[in-house]
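Chemist: coords please:
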Amino acid sequence: MPTWSPLFLLPNMHIQNPFENEYLAIAPEDERCAEINSRNPTFLPFLDRFTDAFRRKIIPSVMLLRDAPQWVKSWEPVSGFRDILSICAVVLMLEYRFHSRQGDYEQALGHILKPTDPKEQ
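Modeler: Numbering: from 1, shown residues only. Down below sits the predicted model:
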């Protein structure tokens, strides 16, 4: 059975379903966190202590690393994996925003992609 280890916490990223590949995962508290807690009993209590600025409880997402080759453990693959999820969230939000404006998606997209004409300014 592969061993997962926490890399870092993402308290401002609230996801419901894990985002993962063969070696890395960004996940909410799940069975992998329970397995980590079996090796380190302070892990789940640590996750349960997070609050927002108004002292409301939040559950941070956890970036996890599975037994991986050395090249995966460097900063570039880890940050790139996190960035992919961030970019997907931005694109999804833009899609939602454009679709919710009375179905005028083509006009909104054309406005963003339209080259700037100095004469119009």
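
Chemist: who touches the nearest residue to I15 once chain neighbours are set aside in this structure?
Modeler: In space, and not counting its chain neighbours, I15 is closest to S61: 5.3 Å by Cβ to Cβ, 6 or more residues apart in numbering. C-beta coordinates here come from the backbone N, C-alpha and C atoms, glycine included. Shown in contact with S61 (Cβ atoms under 8 Å, 6 or more residues apart in numbering): 9-11, 13-15, 26-28.

Chemist: Filter those residues down to the buried ones.
Modeler: Among the contacts of S61, those classed as buried by 16 or more other Cβ atoms under 10 Å are 10, 13, 26-28.

Chemist: Remind me what the helix or strand where F98 lies packs against, helices and strands.
Modeler: Element membership of F98 [criterion: DSSP states H and E] is helix 75-99. The helices and strands touching helix 75-99, judged by 3 or more Cβ pairs under 8 Å, 6 or more residues apart in numbering; DSSP states H and E, are strand 24-27, strand 61-66, helix 105-113.

Chemist: one more time with 10 Å, if that's ok
Modeler: Helix 75-99 sits against strand 4-10, strand 19-20, strand 24-27, strand 61-66, helix 105-113, with contacts defined as 3 or more Cβ pairs under 10 Å, 6 or more residues apart in numbering; DSSP states H and E.

Chemist: Go through those and find the least confident stretch.
Modeler: When the helices and strands packed on helix 75-99 are ranked by mean pLDDT, helix 105-113 comes last with a mean of 47.

Chemist: measure stretch 54-62 end to end?
Modeler: 22 Å (Cα to Cα, to the nearest Å).

Chemist: Stretch 51-60 too?
Modeler: Stretch 51-60: ends 9 Å apart by Cα to Cα.

Chemist: Any stretches of the protein with poor pLDDT?
Modeler: 1, 100-121 (pLDDT under 70).

Chemist: hmm, 90 instead?
Modeler: 1-3, 10-21, 28-30, 52-53, 58-59, 67-75, 77, 81-82, 84-121 (pLDDT under 90).
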